[in-house]
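Participant: Next one to model:
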Amino acid sequence: MAAIPTTRYVKSDDVHVAYQVLGDGPLDLLLVPGFVSHMEAAWQSAETSAFFRRLASFCRLILFDKRGTGMSDRGSQIFTLEQRMHDVQAILDEVGSKRAALFGVSG
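Facilitator: Residues are numbered from 1 along each chain as shown. Just a heads-up that it's a prediction; the model follows:
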């Protein structure tokens, strides 16, 4: 099995948001997770791992755990859409993305 990408962190407001980058294609694709996510646990699923690797075969895939989930910092509040989009912008800035497609998952 190929190595799992390194989990990195970016500071967004008062929290650290976890993200991973895989692939080096000409398009940046940011996968926005559903209600709950855990990037490192997701790699344990053969189907999910294959899905991520297939996406990364034609793009630079950017994964992240939303505030309060997975590897990102916890909080005691319900986060707003504006805060979540600020987190997305912080990740895209950190990886040097000028333009990205968003792939939203719900479930």
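Participant: Report all helices and strands that the helix ranked longest in the chain contacts.
Facilitator: The longest helix of the chain (DSSP state H) is helix 81-94. With contacts defined as 3 or more CB pairs under 8 Å, 6 or more residues apart in numbering; DSSP states H and E, helix 81-94 has these neighbours: strand 8-12, strand 15-22, strand 28-32, strand 60-64. Bear in mind the C-beta positions are built from the backbone N, C-alpha and C, glycine included.
Participant: Can you name the residues in contact with that helix?
Facilitator: 8, 10-13, 15, 17, 19, 28, 30, 32, 62, 64, 66-67, 100, 102 (CB atoms under 8 Å, 6 or more residues apart in numbering).
Participant: Quick one, which of these are buried?
Facilitator: Buried members of those, scored by 16 or more other CB atoms under 10 Å, are 8, 10, 12, 15, 17, 19, 28, 30, 32, 62, 64, 66-67, 100.
Participant: Most widely separated two among those residues?
Facilitator: V15 and D28 (22.4 Å; CB to CB).
Participant: Could you list the low-pLDDT ranges of this protein?
Facilitator: The model of the chain has pLDDT under 70 over residues 1, 75-76, 107.
Participant: Can you lay out the helices and strands packed on helix 81-94 as JSON lines showing distance to E94?
Facilitator: Formatted as JSON lines, the helices and strands packed on helix 81-94 follow (distance: least, CB to CB, whole Å):
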{"stretch": "strand 8-12", "distance to E94": "4"}
{"stretch": "strand 15-22", "distance to E94": "8"}
{"stretch": "strand 28-32", "distance to E94": "12"}
{"stretch": "strand 60-64", "distance to E94": "10"}
